[in-house]
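>>> sequence first, predicted coordinates after that:
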Amino acid sequence: MPHPSPAAIQQAAGVVARGSSPVRVMEDEAPDDLVDEYIEWFINRRGGKEARVAAIKKAGGVLAEQFFDLLAIYKLKGDEWERLGVPVGIGLGLSRDVKIFLSSREV
């Protein structure tokens, strides 16, 4: 299965480029709701032990506090997750799986 391009991810996430920075355009969903849905989806897909699920929920809280959207989550790197106080393994998984989540919503 081919991976969607960054442009396809932006389009699926409701991001339209204007000038040099992307602007989120959501017709029927608030960005916060989409991130909340993504965190729940990620827990169901990658959860496991109670400590891991707790770390994922904590990461979701950090993302919500900082008003991250899916495109921003997708672009985060290991050191950025560390600065946010999110375990790197959880953070990198969250960044990686944005594409899979968006593809699953298209079905």
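Thanks, I have the structure now.
>>> quick one: residues contacting L84.
Residues near L84 by C-beta atoms under 8 Å, 6 or more residues apart in numbering: A59, V62, Q66, L76, G91. To be clear about C-beta, it is placed using only N, CA and C from the backbone, and glycine gets the same treatment.
>>> give me the pLDDT value at it.
Note on L84: pLDDT of 96.
>>> from E106, how far off is it?
29 Å (C-beta to C-beta, to the nearest Å).
>>> next helix or strand past the helix or strand bottoming out on mean pLDDT in the chain?
Lowest by mean pLDDT, DSSP states H and E among the helices and strands of the chain is strand 21-24, with a mean of 35. Downstream of strand 21-24, the first helix or strand assigned by DSSP states H and E is helix 31-46.
>>> show me what the following helix or strand past that next one is in contact with.
Downstream of helix 31-46, the first helix or strand assigned by DSSP H and E is helix 50-65. Applying C-beta under 8 Å, 6+ apart, the contact partners of helix 50-65 are 32, 35-36, 39, 42-43, 46-47, 73, 84-87, 90-91, 94.
>>> wait, a helix at V86?
No: V86: not assigned to a helix; according to DSSP: H, G, I helix; E, B strand; the rest coil it is coil.
>>> give the contact list for it.
Per C-beta under 8 Å, 6+ apart, neighbours of V86: A55, K58, A59, V62, L94.
>>> now R52: how far from L102?
23 Å.
>>> could you check which of these two has the larger neighbour count?
Higher neighbour count among R52 and L102: L102, with 20 against 16, using other C-beta atoms under 10 Å.
>>> so which strand or helix has that one?
L102 is part of helix 88-106 when elements are defined by DSSP H and E.
>>> cool, E82 as well?
Secondary structure from DSSP H and E places E82 in helix 78-84.
>>> report the buried residues of that helix.
Neighbour-count burial for helix 78-84 flags W81 (criterion: 16 or more other C-beta atoms under 10 Å).
>>> tell me how many other residues crowd the closest residue to L76 other than its chain neighbours.
Among residues not flanking L76 along the chain, S95 sits closest, at 5.1 Å (C-beta to C-beta, 6 or more residues apart in numbering). Applying other C-beta under 10 Å, we find 18 residues neighbouring S95.
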